[in-house]
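Participant: Prediction below, plus the sequence it came from.
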Amino acid sequence: MKVAGGATTSAIASIFVDSSGTSSRQSGDGSHAGSQVGSQGEYRADWYPDPAGRFEFRYHNGRDWTGDVSVDGERFLDPLPRPDLDQSYAGHDRRHSGPALVANKARRSSRATAAMVLGIGSVAASWVPFFFVLAAVAAILALVFGIPVLRRSRRGQVVERRERGFALTGVVLAPIGLALCGVGWWLTVVTYREVDRFTDVGEHTVAGSSCVVNDGVATYSGTITNLSGDTRSYHITVSFLRPDTDNVLYNGGADVTDVPAGESDLWSVNVVVREDALQCEVKEVSGPLPFGES
């Protein structure tokens, strides 16, 4: 138990004597707060929304308001309210004011909002290659932030509808995001394999044998030899330059697929040109373009 303002006292549940003289031990968690007022305007010994508006609940012992208060299940001691506190309670609900309650509500609201944002983010990023790891972390955090808010609501504590809606959205979307992370993992594996095939071409040799321009079409052809120990596929990029210069006028490419280890295969690149004479050279040899693009 804490004294309002920060001082700490013994964490022993307060025992109050109600108007009938019987003892009543209250836990201060607020879970049963809000008992009905007697028909003559008198209170039974129980927890009620704090009429002073400083905290979430305040204990009434059947005769007077006490200094025993509670916010979100955590108990405090607060100086006894004014003598006219009973009159201020009737028809005047000020539960949502007071510095302690406002700060607590702001913290709870931020957690509910964070749960919703993280849940949405986990679903949005879960299928993206490599980002699925971040999506999984976001989904877990959505559950961490959202579940406590829903638990407070189930225990009967005061949780605004919007806060509960935000938390519920995050908690519902988080498992979906985690499930979709499987798709993200699969796409990551596929993407890695495609990029690896493109960048790792193994040992090879390439040679051009003919560079001619005929009827507005430039043709450059040659052979490529696979010197690695595995069957390889290649994408050959060639450049067509202005003769005796480094001025590249055109680029083209050709795919050579499934060349067995130690064997050679022919390739040929054709481009439409306006010049009558061009110089040809191999610009780059890579693996097949990822996902079959050309």
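Facilitator: All right, it came through fine.
Participant: Tell me how confident the model is about the helix or strand encompassing Val137, as a mean pLDDT.
Facilitator: Using DSSP states H and E, Val137 sits within helix 132-154. Across helix 132-154, the average pLDDT comes to 92.
Participant: which helix is the longest one in the protein?
Facilitator: Longest helix in the chain, counting residues (DSSP state H): helix 161-199.
Participant: just checking, what packs against that helix?
Facilitator: If you count contacts as 3 or more Cβ pairs under 8 Å, 6 or more residues apart in numbering; DSSP states H and E, helix 161-199 packs onto helix 99-125, helix 132-154. Backbone N, C-alpha and C define where each C-beta goes, glycine included.
Participant: Could you dump those into TSV and include distance to Ser239 and mean neighbour count?
Facilitator: Shown next, in TSV, are the helices and strands packed on helix 161-199 (distance: least, Cβ to Cβ, whole Å; neighbours: other Cβ atoms under 10 Å):
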stretch	distance to Ser239	mean neighbour count
helix 99-125	39	19
helix 132-154	39	19
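Participant: Tell me which of the ones you listed lies nearest to Trp65.
Facilitator: With distances scored as Cβ to Cβ, the stretch of these nearest to Trp65 is helix 99-125 (16.5 Å).
Participant: count of neighbours near Arg274?
Facilitator: Arg274: 8 surrounding residues under other Cβ atoms under 10 Å.
Participant: phi, psi of Ile236?
Facilitator: Here is the backbone geometry of Ile236 (degrees, to the nearest 10): phi -100, psi 120.
Participant: Identify the residues contacting it.
Facilitator: With contact taken as Cβ atoms under 8 Å, 6 or more residues apart in numbering, Ile236 is in contact with 206, 224, 253-256, 267, 269, 282, 284-285.
Participant: If we use 6 Å, what do you get?
Facilitator: Counting by Cβ atoms under 6 Å, 6 or more residues apart in numbering, Ile236 makes contact with 254, 267, 285.
Participant: Leaving out chain neighbours, which residue sits closest to Glu56?
Facilitator: The spatially closest residue to Glu56, leaving aside those adjacent along the chain, is Val71, at 4.6 Å (Cβ to Cβ, 6 or more residues apart in numbering).
Participant: beta partners of that neighbour?
Facilitator: Taking DSSP bridges as the rule, Val71 bridges to Glu74.
Participant: No further queries at this time; thank you.
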